[in-house]
Structures are given as structure tokens and as C-alpha cells.
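Engineer: With the sequence up front, the predicted model follows.
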Amino acid sequence: MTLLTQPNELTTTQPISCMIYGQPGTGKTTLALSSDKPVLIDLDKGLHRVETRFRCPSLQVDSYKQILELLQSDEIKPFNTIVIDTLGKLIDRMGDYVALNNPKYKQADGTLAMKGWGAVKIQFQNLVKQIFNMNKSVIFVAHEKEDKDGDTRFVRPDVAGSSGKDIIKELDLMGYVEMRGNKRTVSFTPSEKFYAKNSLGLEPVIEIPDTANGNTFFVEKIVNAVDEKRKADAETLELYNSLKEMIDSKISAITDIQSLNDTYADLKDMQVIWDSKIYWKHQLADASKKIEATFNKETGLFE
């Protein structure tokens, strides 16, 4: 019995961590609730603004301790996605929580000290890890905040303190929701205008359909696309490993100049997956050194 899992044995359906942020009134919460079996951690207490048919069970949050209690309870088990609305309020509640446990984390004016923000960062990392360990996805909803770099305007998630950049590192996806003409879109590729993140290879900009036929966008356009990509990546990885094994086998059979040149000819015609060409070139160079052969660029052969 082995304790190790081979890459080709990994399941393709894995949790996703995502942030959706953008302009007011663009339906960010409704969009997040189009995920797979969602439960809403409603720090903004705005579920009443969501169309009745798209609402889901929710935790109406007054303190971060309530969130921890929910995650440790059996009530969370039936759900596959935890939607947290809004991220800014979550960070505020986390700040209150860490300061309550350690008053030194707050300064005299009531704001968090540097060590307090460090504690919030750790708390956030632990939260995402806990949700993932439960095999559940998490979607954070956030408002946008305008910044300027000279005369250039750009937007980013509205998160207090220095937590924003640290939080983004923990996420697979960050999408910016906006109106483009009369169409709603979510963009996962960063631009000069807004922050975004697309580590799972989604389309840069995806149009969000209306909800006349139901609220299924996130499952159909995000979850399914991510699952397909992960499945394709796993299949490619299996082919890549098989290719490397074939290269190793051919290289190990080299004993003289003739077999070296024959192997070189075979390897040149072999398919390329990721860095396989670089891999066999290094292996071939080591094999040529062992039999004291050098490559003649004019003839294209080892001598």
C-alpha cells in the first residue's frame, strides 16, 4: 500500500477560490449564488436585495466567531460553495476578532497595528485552508475601490489595510464585473483599468447572460470550464510522463556513435510536450559525454 498519489490519479473536481468584485448594481451577489449548492455568509446583510428565487440559506453575521462556529457545525455539510459577502466586511470582522483576543493588535485610535494586520492575514489563510479541507469552494464578493496612478484611473477590490494583495495570492480567480454597453461581463485577465487573476486559464472576458432561464452562470461557465481544464491538464501530464519515460529508455540504450545518432534522429521527430525537447537535449548531451562524442553542426551528426 502506497501513501503517495500519482499526478494522473488526482481527481479533476477540486475546490475553487474566487473573488468577484465590481460596480454597484451589477448583480455580484446573484452571480456568486449561481455556484454549486451555495450557502451565503452575509456580512453585508444584503440577501434581501437578491431576487427571491435565487436566495439560499444564509448566516446573518454580527461577529467573525459566528463564521467559525458555522464552519465547525453540521449545518455546513450539505453545501458545496461558501459565498462570503462582502470581503471588506469579513476583513473588518476578522480585525475585531484578532484584537479581541489580543488587545495589543489595536492602536490607541482604534485601528489595527501592523501586527494586527499580520494576524488578520494568517486568519484569512487559515479560513481558506479550512474551507478547502472541507472540500468546498469559496467565493468572496467585494465592492470596487477607485485608485489613481498619475492621471490613470484603475479599480481594485475594496479591502482595508494591506490585506488586499496578500488575499489575492490565496485565490485561484479574481473577476471584475462591469457593464459593457448593455451587457454584463466578468473579466478574469488583469488590465490597466482593473485588477484580476486568471490562474485557471479561463476566457479573459465572459458575458453574463440574464437570469430569465435561471441562475446557473458560475456552474456552467466557471466550474465546468475549470474542471475541463484540470482534466485536460491531467491527461497532458500523463502523456508528458510517458514521453519522458520513453526518452529515458532510448537514452539508456546508447552505447556508441551509431546508437547515439540513431537516438538523436528519433528524438528530433518525437512530439513535444512542455519542456520535453529541453529534457531530451540535456539527457542526450550527458550520454554523448560518456562516449566522448561531439556534435558536428555541418553534418548534423555526432562524431
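Structural biologist: That came in fine, so what should we check first? Numbers count the residues shown, from 1 in each chain.

Engineer: from here on, contacts and neighbour counts on C-alpha atoms
Structural biologist: Fine.

Engineer: Pull up the distance across stretch 108-120, start to finish.
Structural biologist: Using Cα to Cα, to the nearest Å, the end-to-end distance of stretch 108-120 comes to 18 Å.

Engineer: what do you get for stretch 192-210?
Structural biologist: End-to-end distance of stretch 192-210: 28 Å, with Cα to Cα as the criterion.

Engineer: how about that stretch: buried residues?
Structural biologist: Under the neighbour-count criterion of 16 or more other Cα atoms under 10 Å, stretch 192-210 has Phe194, Tyr195, Ala196, Lys197, Asn198, Leu200, Leu202, Ile206, Glu207, Ile208 buried.

Engineer: For Arg180, state which of the residues you listed is nearest.
Structural biologist: Taking Cα to Cα as the measure, Arg180 sits nearest to Glu207 out of the buried residues of stretch 192-210, at 9.3 Å.

Engineer: Would you check how far apart the spatially closest residue to that closest one that is not a sequence neighbour and Ile20 are?
Structural biologist: Using Cα to Cα, 6 or more residues apart in numbering and skipping residues adjacent in sequence, the residue nearest Glu207 is Thr185, 4.4 Å away. When Cα to Cα is the yardstick, Thr185 and Ile20 sit 11 Å from each other.

Engineer: Please enumerate the shared neighbours of the two.
Structural biologist: Tyr176, Val177 (Cα atoms under 8 Å, 6 or more residues apart in numbering).

Engineer: Comparing these two, which residue is more hemmed in?
Structural biologist: Ile20 (27 against 19; other Cα atoms under 10 Å).

Engineer: The more buried one: helix or strand, and which one exactly?
Structural biologist: Applying DSSP states H and E as the criterion places Ile20 in strand 17-22.

Engineer: what do you get for Asp248?
Structural biologist: If you go by DSSP H and E, Asp248 is part of helix 224-252.

Engineer: returning to what we had before: helices and strands around the strand holding Ile20, which ones?
Structural biologist: Based on contacts counted as 3 or more Cα pairs under 8 Å, 6 or more residues apart in numbering; DSSP states H and E, the elements that strand 17-22 packs against are helix 28-32, strand 137-149, strand 173-180.

Engineer: pLDDT averaged over that strand, what's the number?
Structural biologist: In this model, strand 17-22 has a mean pLDDT of 92.

Engineer: Note down every partner strand of that strand and its orientation.
Structural biologist: Using DSSP bridges, the neighbouring strands of strand 17-22 in the sheet come out as strand 137-149 (parallel), strand 173-180 (parallel).

Engineer: And Asp172, how far from Pro15?
Structural biologist: For Asp172 relative to Pro15 (Cα to Cα), the value is 10 Å.

Engineer: Which one's more surrounded, those two?
Structural biologist: Pro15 (20 against 16).

Engineer: The closest residue to that one other than its chain neighbours pairs with what?
Structural biologist: The shortest distance from Pro15 to any non-neighbouring residue, by Cα to Cα, 6+ apart, is to Ser137 (4.3 Å). With DSSP bridges applied, the residues forming beta bridges to Ser137 are Thr81.

Engineer: give the contact list for Ser137.
Structural biologist: Going by Cα under 8 Å, 6+ apart, Ser137 touches Gln14, Pro15, Ile16, Ser17, Asn80, Thr81, Ile82, Ile131.

Engineer: mind putting those residues in JSON lines, distance to Ala108 included?
Structural biologist: Shown next, in JSON lines, are those (distance: Cα to Cα, whole Å):
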{"residue": "Gln14", "distance to Ala108": "44"}
{"residue": "Pro15", "distance to Ala108": "40"}
{"residue": "Ile16", "distance to Ala108": "39"}
{"residue": "Ser17", "distance to Ala108": "35"}
{"residue": "Asn80", "distance to Ala108": "41"}
{"residue": "Thr81", "distance to Ala108": "39"}
{"residue": "Ile82", "distance to Ala108": "35"}
{"residue": "Ile131", "distance to Ala108": "34"}
